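Asker: Build me a structure from this.
(one chain, ligands or ions: 2)
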Amino acid sequence: MIVLGIETSCDETAAALVEDGRTILSSVVASQVDVHSVYGGVVPELASREHVSNINTVVDLCLERAWNRRSAWERVDGIAVTRGPGLVGALLVGMAYAKALAFALEIPLVGVNHLEGHIRSVPLEHPEAELPALALVVSGGHTSLFYLENQNSCREISRTRDDAAGEALDKLSKALGLGYPGGPVIDRLAPLGNPKAVRFSLPRIKSGALDFSFSGIKTAALRHCRLAEINPVEPEYAKRPERMPTALLDLVASYQKCVVDQLLDRLEKAWKRHDVRSLQISGGVSANSELRRRAADYFRDRAPVYFPSLLLSTDNAAMIAATGHRRLAAGEQDSWDLTAEPNLPV
Ligand code: KG4
Ligand code: ZN
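Answerer: Ligands and ions are numbered 1, 2, ... in the order given. Model (predicted):
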């Protein structure tokens, strides 16, 4: 069965064709970074408009890359579209497009939870990852830990109480004039600084909960900038990062270390409380090189840690198609009343 996945929950317009829930025939992602970077973050109304102008081309390109033919619609058996969580206007573009296509082609349509998509991105590429597992989804909008007992059971065991990890990286980057999205920039700059130069403490959550919190370190970092007189960098440094002030590079390295420390701390506590066979880390921040390296070291000889490939870490539609496949293959479909749910829980 071949499923066309469509993803427009935030600032990436994406389409993918996936066969039998595991073979990616093509995956196209049109990033809107250039549009939003001027503003230092995603502007929801602009995101919706960009999705409207890009979606046709993205889907056409997706078919062409899979079969060298833009109009090979007869090969598509079903459509899976992200219905939430995300920006409501952005979600509506993908959903309206997916519904129209499914109606015209007379094929079934299912709505997919974006976070479930991220969780699914790991077994899509690592079918050997065993259950039960702990799944950490760490992105620009979410930071949550799930217990996956079996194929049909997924329970959220903790989440962030304020900012998401990616959001914390994006906010520091913006404050330092390093651009949007901040995660990849901080990832590149951190190795140039001393991660022990600035001390940030791990947030303590009362009652032993495994919840996350990132707004405290963001505030501490901004205070440090004021006290140490670290100002936003001039654009000329963009091409010569090694010339950036040492104090700024040290702050970036220490901040990224602290974000990764917290993720590993919660993951380890959860691992001690649950009998699991694997750890699965997904979402945009899972592309982070320090997180990848340290998670593998940290759990060496204790549990296998799986990440999606870099292309499937950040938003994409292959994970949406793979998630929708199970319901479509079981003969299920959603009705035309399906609505976008900006706060859809897993
Ligand atoms: O999953 P995603 O593409 O979109 C959401 O669902 O939010 O995640 C985007 C987030 C952004 O905050 C971005 O800064 C972060 O992922 N990110 C990274 C890296 N690449 C993207 N964070 C750290 N290191 C990276 N290499
Ligand atoms: Zn995402």
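
Asker: Check the secondary structure at the one residue in the stretch 51-200 of the chain that gets nearest to ligand 1 for me.
Answerer: Closest approach between the stretch 51-200 of the chain and ligand 1, counting by C-beta to the nearest ligand atom: Gly183, at 2.1 Å. In this view, the C-beta of every residue, glycine as well, is placed from N, C-alpha and C. The three-state label given to Gly183 by DSSP: H, G, I helix; E, B strand; the rest coil is helix.

Asker: now it: how far from Gln256?
Answerer: Separation of Gly183 from Gln256 (C-beta to C-beta, to the nearest Å) stands at 9 Å.

Asker: Spit out the contact partners of Leu101.
Answerer: Shown in contact with Leu101 (C-beta atoms under 8 Å, 6 or more residues apart in numbering): 4, 59, 79.

Asker: element containing the last one?
Answerer: When elements are assigned from DSSP states H and E, Ile79 belongs to strand 78-84.

Asker: Can you verify my assumption that Val43 contacts Ser37?
Answerer: No. Using C-beta atoms under 8 Å, Val43 is not in contact with Ser37; the gap is 10.6 Å.

Asker: between those two, who's got more neighbours?
Answerer: Neighbour tally, Val43 and Ser37, criterion other C-beta atoms under 10 Å: the higher count belongs to Val43, 17 against 14.

Asker: Can you tell me the closest non-neighbouring residue to the more buried one?
Answerer: Spatial nearest neighbour of Val43, excluding adjacent residues (C-beta to C-beta, 6 or more residues apart in numbering): His36 at 5.9 Å.

Asker: Show me the domain layout of this structure.
Answerer: 2-118+313-329, 130-307 (automatic domain parsing).

Asker: from the chain's centre, how far out does the shortest one sit?
Answerer: If I follow you right, that is domain 2-118+313-329. On the basis of C-alpha atoms, centre = their mean, to the nearest Å, domain 2-118+313-329 sits 15 Å off its chain's mean C-alpha point.

Asker: In the contacts of Leu101, which residue is surrounded by the most others?
Answerer: Leu4 leads the contacts of Leu101 on contacts (other C-beta under 10 Å) with 32 neighbours.

Asker: Tell me which residues touch the closest residue to Asp77 other than its chain neighbours, please.
Answerer: Spatial nearest neighbour of Asp77, excluding adjacent residues (C-beta to C-beta, 6+ apart): Met1 at 4.7 Å. Contact analysis of Met1 by C-beta under 8 Å, 6+ apart lists 19-21, 77-78, 325, 328-329.

Asker: Can I get these in TSV including secondary structure?
Answerer: Below are those laid out as TSV (three-state DSSP):
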residue	secondary structure
Glu19	strand
Asp20	coil
Gly21	coil
Asp77	coil
Gly78	strand
His325	helix
Leu328	helix
Ala329	helix
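
Asker: what's near enough to touch the closest residue to Phe299 other than its chain neighbours?
Answerer: When the adjacent residues along the chain are set aside, Phe299 lies closest to Val305, with 5.2 Å between them (C-beta to C-beta, 6+ apart). For Val305, the contact set (C-beta under 8 Å, 6+ apart) comprises 278-281, 295-296, 299.

Asker: One more pass at 6 Å, please.
Answerer: 279, 295-296, 299 (C-beta atoms under 6 Å, 6 or more residues apart in numbering).

Asker: ok, now Ala165?
Answerer: In this structure, Ala165 makes contact with 138, 143, 214, 259, 285, judged by C-beta under 6 Å, 6+ apart.

Asker: Please list which of the residues you listed also come close to ligand 1.
Answerer: By C-beta under 6 Å from any ligand atom, the members of those lying near ligand 1 are Val285.

Asker: What is the burial count for Val76?
Answerer: Per other C-beta under 10 Å, the neighbour tally for Val76 reads 18.

Asker: Spell out which parts of the stretch 201-346 of the chain neighbour ligand 1.
Answerer: So the stretch 201-346 of the chain meets ligand 1 at 283-285, 287-288, 314-315 (C-beta under 6 Å from any ligand atom).

Asker: State the pair within those residues that is farthest apart.
Answerer: Asn288 and Asp315 (15.4 Å; C-beta to C-beta).

Asker: Can you pull up the most central residue in this structure?
Answerer: Closest to where the C-alpha atoms of the chain average out (C-alpha atoms, centre = their mean) is Gly283, at 2.8 Å.

Asker: Which residues lie in contact with it in this structure?
Answerer: 118, 137-139.

Asker: make it 7 Å
Answerer: Gly283 makes contact with 118, 137-139, 142, 313 under the criterion C-beta atoms under 7 Å, 6 or more residues apart in numbering.

Asker: tell me the phi and psi of the residue nearest to Ala168 when sequence neighbours are not counted?
Answerer: Distance criterion C-beta to C-beta, 6+ apart; nearest residue to Ala168, sequence neighbours excluded, is Phe214 at 3.8 Å. Here is the backbone geometry of Phe214 (degrees, to the nearest 10): phi -120, psi 0.

Asker: Quick check, Phe214 in contact with Arg161.
Answerer: No. Contact criterion C-beta atoms under 7 Å: Phe214 and Arg161 do not qualify, at 9.0 Å.

Asker: So which of the two has more stuff around it?
Answerer: Phe214 (24 against 14).

Asker: Does anything pack onto the helix or strand of the chain with the lowest mean pLDDT? Which helices or strands?
Answerer: In the chain, the helix or strand scored least confidently by mean pLDDT, DSSP states H and E is helix 33-37, which has a mean of 90. For helix 33-37, the packing partners by 3 or more C-beta pairs under 7 Å, 6 or more residues apart in numbering; DSSP states H and E come out as helix 44-67.
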